[in-house]
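# here is the input, now give the coordinates:
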Amino acid sequence: MFSRLFSQRLRSCGKTMMSSQLTRLQRARLSSLPLRSATSNALIPRLSRSHSNFFGGAPLNRLSWLRQQQSFLNNLVPLPETQWLVFHDGRPLVSTERGSKAPALARLSTADVRSLLGPEPFFGQGQTVGGQAAASDVVALEGARLRGPPIVFLGLQEPPSSERRALPSSEFIAKGESGLTDVFANIEGSAYFSLNVTDIDQHTLDAALQNSAAGKRGAQLAFVDPRSAMGALDYTSANIFAMARSMHDWNSRNKYCPSCGSPSYSQWAGWKLGCSSLLPWAQQTEGKKPCVTAQGLHNFSHPRTDMVVIAATVDPEREKILLGRNKRFPPGLWSVLSGFIEPGESLEDAVKRETWEEAGLEVQDVQYHSSQPWPYPATLMAGLYAVADSSKPTRTDLDNELEDVRWYSREYILNILEKYGATHPSMERERSPDAPMSFPDTNAIGGVLISEWAYGKAGQDG
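Residues are numbered from 1 along each chain as shown. The predicted model follows:
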């Protein structure tokens, strides 16, 4: 008995040792093999691959650890390379050059927007207007902006050929203003800020735009609907736009401390909200406890992102896809199913719940594809694939959110894509108005999931 157990352990130990000696290449080969279903042992083609979606890509080095450093921020603003995005009530400023019909996201210089920024210092503002920036050890005033229109520091766009250079926050604490010359010598590229001009007088705003470099050369500057602006964005500007718009939305929605009700104010160059009852000069009521935000980490003090699952459900043979029509969709539009993640849910749990609630189907083999920031107003879309039995009946009467839900064959979807155009990224023509159905464009992850399944790309390593 003992010898048999010893032999089994020895064989097990040998397998463990062999496994630990797998090379990186061998592991990569193993990871590319098809998966096996946990229920049927059947081979399952991989549905996920590396993919960067529109609004993603992270072209900026956000330098998040320097948002508290007013010495850094205040010296970054006047640099001639610094660029500004401008928003009015969530609408971005776009520029159309004279003789062109193609608008682009407007990028203004500090000189262009200087009349709109208010008095210096721009960050680390104290009680007195026009006073010196607060000392770096005053926690309540780190990167604080108490007056003037809201500003968000977005990051640094570095040259494509350069490596990201670390600028530790200790440099600014230890050296102070005297060491900034050496620190800025290590910066390459253009800093990006975003300005919210919603509360600025219209005459003042118009004058600033007319006197900007773009205005003087005859470019048309206009604030446009944020969703319509997607057509004016390339992949680089799309991510910068998404970050800026979501941040301004968060700042504008949270005017009061949710803990004590006091007015809130901007810290960390727009990335944190402080409670005004904790400012150094704020009068304290005797016997009243300080706001709970005085200590600890509180999620309502920092930007929030709402998580959504969006899943393309296919049949076990991968030849059919489940599409639904939301009651609010434009005529003819169909898409994959989606829904917000609820507390206590994993991505997989949310996909299973949403598909059941909206279509009355049970899914399995949920696999991750990719994610996409969605700045309307601040959502992260987690794209997935799932498998369901297409022979089972569907139903829309559970949560009554969908107008209709149906299975479509790959052949049918491909015919629409190729005949009428729609989501395939290589198609330059617009979607035909007489198409029997339409899908989200591939600048939305729903369109990506449909397109990659239809063209057989889902599952390829790329």
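# look up phi and psi at the residue nearest the centre of the chain.
Centroid-nearest residue in the chain, with CA atoms, centre = their mean: residue 373, separated by 2.9 Å. Backbone torsions of residue 373, given as degrees, to the nearest 10, read phi -70, psi 140.
# swap in residue 195?
Here is the backbone geometry of residue 195 (degrees, to the nearest 10): phi -120, psi 130.
# so what's it up against?
84-87, 113, 116-117, 149-151 (CB atoms under 8 Å, 6 or more residues apart in numbering). Every residue, glycine included, has its C-beta placed from N, CA and C.
# what is the mean pLDDT for whichever strand or helix holds residue 354?
For residue 354, the host element (DSSP states H and E) is helix 347-359. What helix 347-359 shows for mean pLDDT is 98.
# and stretch 80-97, by the same measure?
97.
# strands along the stretch 351-462 of the chain, start to end?
For the stretch 351-462 of the chain, the strands defined by DSSP state E, counting those that start in this stretch cover 363-374, 379-388, 402-409.
# these into CSV, with extra columns for distance to residue 130 and mean pLDDT?
Listed next are the strands of the stretch 351-462 of the chain as CSV, based on distance: least, CB to CB, whole Å; pLDDT from 0 to 100:
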stretch, distance to residue 130, mean pLDDT
strand 363-374, 38, 96
strand 379-388, 40, 97
strand 402-409, 58, 97
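# deepest in the core, which of these is it.
Ranked by mean neighbour count, the strands of the stretch 351-462 of the chain are led by strand 379-388 with a mean of 22 (mean count of other CB atoms under 10 Å).
# just the residues contacting whichever strand or helix holds residue 241, thanks.
Assigned by DSSP H and E, residue 241 falls within helix 235-253. Identification of contacts with helix 235-253 by CB under 8 Å, 6+ apart yields 54-60, 85, 87, 90, 92, 104-105, 150, 152, 154, 192, 194, 196, 198, 226, 229-230, 233, 266, 270-271, 273, 303-305, 373-375, 377-378, 443.
# what angle do strand 379-388 and it make with each other?
110 degrees (axes from the mean of the first three to the mean of the last three CA atoms, to 10 degrees).
# what is the helix or strand following helix 235-253 packed up against?
Next helix or strand after helix 235-253 toward the C-terminus (DSSP H and E): strand 264-267. Packing partners of strand 264-267 (3 or more CB pairs under 8 Å, 6 or more residues apart in numbering; DSSP states H and E): strand 272-275.
# what does the strand it packs on rub up against?
The contact list for strand 272-275 (CB under 8 Å, 6+ apart) reads 67, 140, 143-144, 251, 254, 257, 259-260, 262, 264-267, 291, 293-294, 300-302.
# give me the mean pLDDT for the helix or strand following it.
Beyond strand 272-275 in the direction of the C-terminus, DSSP H and E gives the next helix or strand as strand 306-314. Strand 306-314 shows a mean pLDDT of 98.
# residues in contact with whatever helix or strand comes next after strand 306-314?
As assigned by DSSP H and E, the chain's next helix or strand after strand 306-314 is strand 320-326. With contact meaning CB under 8 Å, 6+ apart, strand 320-326 is reached by 312-315, 333-337, 355, 358-359, 361, 388, 390, 394, 396, 401-410, 413, 439, 450, 453-454.
# direction included, what does the helix or strand just after strand 320-326 pair up with?
Using DSSP H and E, the next helix or strand after strand 320-326 towards the C-terminus is strand 337-340. For strand 337-340, the paired strands and their directions (DSSP bridges) are strand 306-314 (antiparallel).
# got the angle between the strand it pairs with and helix 347-359?
70 degrees.
# before we move on, back to that, give the buried subset of the contacts of strand 272-275 as a PyMOL selection command.
Filtering the contacts of strand 272-275 down to the buried ones (16 or more other CB atoms under 10 Å) takes a single PyMOL command:
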select buried, resi 67+140+143+144+251+257+260+262+264+265+266+267+291+293+301
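# the bottom helix or strand of the protein by mean pLDDT?
Among the helices and strands of the chain, helix 24-31 carries the lowest confidence by mean pLDDT, DSSP states H and E, at a mean of 33.
# buried ones in the helix holding residue 241?
Quick answer for helix 235-253 (16+ other CB under 10 Å): 237-252.
# would you mind measuring the gap between the ends of stretch 225-232?
11 Å (CA to CA, to the nearest Å).
# buried ones in it?
Using 16+ other CB under 10 Å as the test for burial, stretch 225-232 gives 226, 229-230, 232.
# equivalent analysis for stretch 71-82, please.
The neighbour-count check on stretch 71-82 (16+ other CB under 10 Å) flags 71-77, 82 as buried.
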